[in-house]
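**Q** quick one, structure for this:
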Amino acid sequence: DVTQLEVSASSVAVVDRSTWVHHTLAEWRTFFSSLAGSLQPPGDRDPDPVAAMLANVGRMIAPAMTGMSIGSMIGTLSTTSFGCYDLPLPRDPHGAIRIIGRNVDEFAREWSLEADDVRLWVVVHELATLAVFNVTDIRNHVVALITGFAGAFRPDSEALMHGLTDVDPSSADPMALMQRFVDDPTLLIGAVRSPEQDRIQPLLDAAMTALIGFVDVAVDEVTNRVLGSSSRISEAVRRRRVEESSQRTVVENLLGLRLDREGVAAGRAFVNGVVERGGRDALSRMFTAPHRLPTPAEIAAPGLWLARVEFD
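**A** Predicted structure coming up:
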């Protein structure tokens, strides 16, 4: 009733952290494969012997370090994530929901919230996000933007040399240096942002801002109907979302996602602005085709978006 979308899951399961990690690594393979390909140093011979040596080192160990980094990041995410869509990334295969019951219950205790209410809130959030990605064209559009961003890093041996100069060779903790590379594989080969990423970023920001805003507003309305009021849960979850560990931030940076407080607020304001001006039926037009997702300029001006889709 609230989303006006197909809200269905192929399966819903409560799992432990290791099971969640296993499925997440498999279901995000498309994104990480695109990232790994972009982190490969170029094969052309560099006339600078030092740069050429660094490029050869990168070619030999970058794949292993990238794999270690991804594994470390997903493992850390499993200690705080509630379900499949804390990070709103489409999954392949699509349709299953897996909730880490331990994390949900620990969160409820930490914030002195009723456990059953938090469990319900999490299920509603998972189903609402899944409903958005049930729209095949929208899911494919988001996947294309993220894989395009992740695949557009450009290795730079000079950037690697500059990065290495920041390392303290006298450090008494060599594992700290290794962990730094594991935490962010782009440091290993000096990967730098490319003009293509600068082109994709605002399109991805606008799409994800609108979709996250849509989910947040839908979750609030559904849980308020069922629980009477879910404001304490919603506020606690959203505070947690923007105060996550550095591991989550690294994942977001590598894949182009930006889930800061300002972006989340902008998404909610856009959705509420559309509903106020055109009603919920107008908002549903966002899911009829990828080109009807708002542009960066329209996020701040929902009236412009309404005018465009009505003209279409």
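
**Q** in the stretch 101-250 of the chain, which spans are helices?
**A** 101-110, 115-133, 136-150, 157-165, 174-183, 186-189, 195-227, 231-242, 246-255 (DSSP state H, counting those that start in this stretch).

**Q** just for the chain, where's the confidence low?
**A** 39-66, 155-191, 242-249, 312 (pLDDT under 70).

**Q** how much space separates the residue nearest in space to the middle of it from I212?
**A** The centroid of the chain falls nearest to L87 when counting by CA atoms, centre = their mean (4.2 Å). According to CB to CB, to the nearest Å, L87 and I212 sit 10 Å apart. C-betas here are computed from N, CA, C, even on glycine.

**Q** between those two, which contacts overlap?
**A** Common contact partners of L87 and I212 (CB atoms under 8 Å, 6 or more residues apart in numbering): L259.

**Q** which helix or strand contains A265?
**A** Assessed by DSSP states H and E, A265 sits inside helix 261-284.

**Q** which elements pack onto the following helix or strand past that helix?
**A** Later in the chain than helix 261-284, the nearest helix or strand by DSSP H and E is helix 296-299. Packing contacts for helix 296-299, counted by 3 or more CB pairs under 8 Å, 6 or more residues apart in numbering; DSSP states H and E, involve helix 195-227, helix 261-284, helix 302-311.

**Q** just send the helices of the stretch 101-250 of the chain back as JSON lines, with mean neighbour count too.
**A** Compiled in JSON lines, the helices of the stretch 101-250 of the chain are given as follows (neighbours: other CB atoms under 10 Å):
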{"stretch": "helix 101-110", "mean neighbour count": "15"}
{"stretch": "helix 115-133", "mean neighbour count": "21"}
{"stretch": "helix 136-150", "mean neighbour count": "19"}
{"stretch": "helix 157-165", "mean neighbour count": "16"}
{"stretch": "helix 174-183", "mean neighbour count": "14"}
{"stretch": "helix 186-189", "mean neighbour count": "24"}
{"stretch": "helix 195-227", "mean neighbour count": "19"}
{"stretch": "helix 231-242", "mean neighbour count": "16"}
{"stretch": "helix 246-255", "mean neighbour count": "18"}
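
**Q** which helix or which strand is home to G37?
**A** helix 29-38.

**Q** quick one: contacts of that helix?
**A** Residues contacting helix 29-38 (CB under 8 Å, 6+ apart): 25, 63, 66-67, 70, 89, 92, 143, 146-148, 150-155, 191, 254-255.
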